[in-house]
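Undergrad: Below is the sequence, then the predicted model.
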Amino acid sequence: MDAAALWQRYQDWLYYHEGLGLYLDISRMRFDDAFVATMQPKFEQAFKDMAALEGGAIANPDENRMVGHYWLRDPDLAPTPALKQEISEALDQLEAFAHKIHAGEICPPQSTKYTDILSIGIGGSALGPQFVAAALAPAAPPLTIHFFDNTDPDGFDRVFKELGDRLSSTLVIVITKSGGTPETRNGMIEAKKAFTDKGLDFARQAVAITMPGSKMDALARSEGWLATFPMFDWVGGRTSELSAVGLLDAALQGIDIRSMLAGAKEMDAATRLPQLKANPAALLALAWYFAGNGKGEKDMVVLPYKDSLLLFSRYLQQLVMESLGKETDLDGKTVYQGIAVYGNKGTTDQHAYVQQLREGVPNFFLTFIEVLSDRKGSSIEVEPGATAGDYLSGLLQGTRQALYENHRDSITVTIPEVSAKLVGALIALYERAVGLYGFLVHVNAYHQPGVEAGKKAAADILALQTQVLAALKPNGQLLSLETLAANIGASDKIEIIYKIVRHLSTNQRGVVLEGNPGEPASLKVGVQ
Ligand SMILES: O=P(O)(O)OC[C@H]1O[C@](O)(CO)[C@@H](O)[C@@H]1O
């Protein structure tokens, strides 16, 4: 296509949202009109399915749940007056709580004001809050946020070190929808211990965000925690950023949560339109479908050219991959669906893996996230006629062009600035695109059965560890791994047993391992 034809294609396919100042350009995806025509009926059905979902249909049949994250930013859409009231009340309570924390009306027992937040959660209970904190927290927030998003002891220690004496003025927010995620529970127990060691009262500085009636809810209530906020059954973890999960952390950091909600609401309205060309989420879903042939054959590389949006691709990784990565479709047919997502930021990644994107295996499509405003205020020139921001912009345009010339397709999302409103809108845009794409490829985008398998296997390994420890007699004879495995009737699990004892022996757990580490069969194990 020559330059004039490309310019025309750009204009033909450009989407612009006036209220948000957001542009979506899918002109550099090489689909043709015939492809669009074949997709029309699929979209008509997807729009109907989406309308039913928003109306309160059971869109997650496995878990028999409604899917209602759209109601969070427009409670009037909730299917019952009771739900509408619940949403509005939860938001008001959360805001009032944040206000009292800021004003010092709620303060820690040993200090006049809270200074820090320790946000404990994983997956959807961490990724949104982390993305939003990186994107929007002011340079000197009223409370500085820290995260436990794993069960890594060294990771906990690093955060405790950062907090130091400020643990006494740290508000702990434990976020878990199910209330039973082990990593989150472990983080909470470690935090509790750190509080006790410093003579602090954990319960008086702890808040839970969880489903009413969950294990965590019961614990928080029985221990008299400072507050609990509801996570609704009909909001999935990966679409929970605009519920209490993301909003409490954000409000406490001084981020304008009403603007985030307003941006999402505006985007929801735009992505509710049942016309392909007028609906940016549908255009995204169309482009994804085209890129991967409706089977995820190409990976989605997300490159925001803005440091503050660094975590967007990580956030999208869960949203897209946990939603779409499914073995079977809604009819039980094996389909192995999904779209792989990765990326950090531009231009930084241009000095890392963009070499392969330009010249190597063409198994991806790119999404550039462009931010028009370089910074608040003006910039100096780094050379005659050019600022650092001109470089950022030029390198984005140059990369887009160079990739296209080498038959690498791309989408560009352009926003005027990184504001609470636009971040809310971006979240809503991708939530809807994932939902529509899920309908197009006929998968349940709202469950995650694959993750459950990993969790079960981990629980089995920890149960095996208990058996191993019970079988080792203090100061008894050292046993070969083979004998140990046979003694507990788990000869078929010898490799796992070896890894368990190797881990225990490295971590002062009273387990000794003798022999040649390079020849595992030579090892003998016992307890001190
Ligand atoms: O909020 P919870 O229930 O602790 O779950 C955390 C994460 O774990 C998952 O359930 C998958 O393991 C995610 O979907 C979820 O975001």
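TA: Here it is on my side, so go on. Treat the numbers as computed from the prediction; the structure is a model and nothing was measured.

Undergrad: from here on, contacts and neighbour counts on C-alpha atoms
TA: Fine.

Undergrad: distance between the lowest-mean-pLDDT helix or strand in the chain and the chain's centre?
TA: Across the helices and strands of the chain, mean pLDDT, DSSP states H and E gives its lowest value to strand 58-60, namely a mean of 85. Relative to the chain's own centre, strand 58-60 is displaced by 21 Å; criterion: Cα atoms, centre = their mean, to the nearest Å.

Undergrad: List the neighbours of that strand that are in contact with it.
TA: The contact list for strand 58-60 (Cα atoms under 8 Å, 6 or more residues apart in numbering) reads 53, 64, 65, 66, 67, 444, 445, 446, 447.

Undergrad: buried residues in it?
TA: 58, 59, 60 (16 or more other Cα atoms under 10 Å).

Undergrad: in the sheet, who's paired with the last one?
TA: Read it as residue 60. residue 65 (DSSP bridges).

Undergrad: start at 785 instead
TA: With the count now opening at 785, the last piece we talked about shows up as residue 844.

Undergrad: any idea how far residue 857 is from it?
TA: 20 Å (Cα to Cα, to the nearest Å).

Undergrad: got it, and the first one?
TA: For residue 842, the distance to residue 857 (Cα to Cα) stands at 20 Å.

Undergrad: how near is residue 1176 to residue 1131?
TA: Distance from residue 1176 to residue 1131, by Cα to Cα: 7 Å.

Undergrad: okay, and the common contacts of the two?
TA: Contacts common to residue 1176 and residue 1131, judged by Cα under 8 Å, 6+ apart, are residue 1089.

Undergrad: if we can go back for a sec, is the least confident helix or strand of the chain up against the ligand anywhere?
TA: No - against the ligand, strand 842-844 shows no contacts by Cα under 6 Å from any ligand atom, the least distance being 13.1 Å.

Undergrad: Can you name the residues of the chain that neighbour the ligand?
TA: 906, 907, 908, 909, 960, 961, 962, 963, 965, 1021, 1022, 1235.

Undergrad: at 8 Å instead, please
TA: 905-910, 959-966, 968, 994, 1020-1022, 1106, 1231-1232, 1235-1236, 1239 (Cα under 8 Å from any ligand atom).

Undergrad: Mark which of the residues you listed are buried, thanks.
TA: Here, 16+ other Cα under 10 Å leaves 905-910, 959-963, 965-966, 968, 994, 1020-1022, 1106, 1231-1232 buried among these.

Undergrad: Out of these, which sit inside strands?
TA: 959, 960, 994 (DSSP state E).

Undergrad: Tell me how many other residues crowd residue 1130.
TA: Using other Cα atoms under 10 Å, residue 1130 has 24 neighbouring residues.

Undergrad: Please name the nearest non-neighbouring residue to residue 1216.
TA: residue 1065 (5.8 Å; Cα to Cα, 6 or more residues apart in numbering).

Undergrad: residue contacts, that neighbour?
TA: 1055, 1213, 1214, 1216, 1217, 1220.

Undergrad: how does it look with 10 Å?
TA: 808, 1051-1052, 1054-1057, 1071, 1212-1221 (Cα atoms under 10 Å, 6 or more residues apart in numbering).

Undergrad: Can you flag the buried ones in those residues?
TA: 808, 1051-1052, 1054-1057, 1071, 1212-1221.
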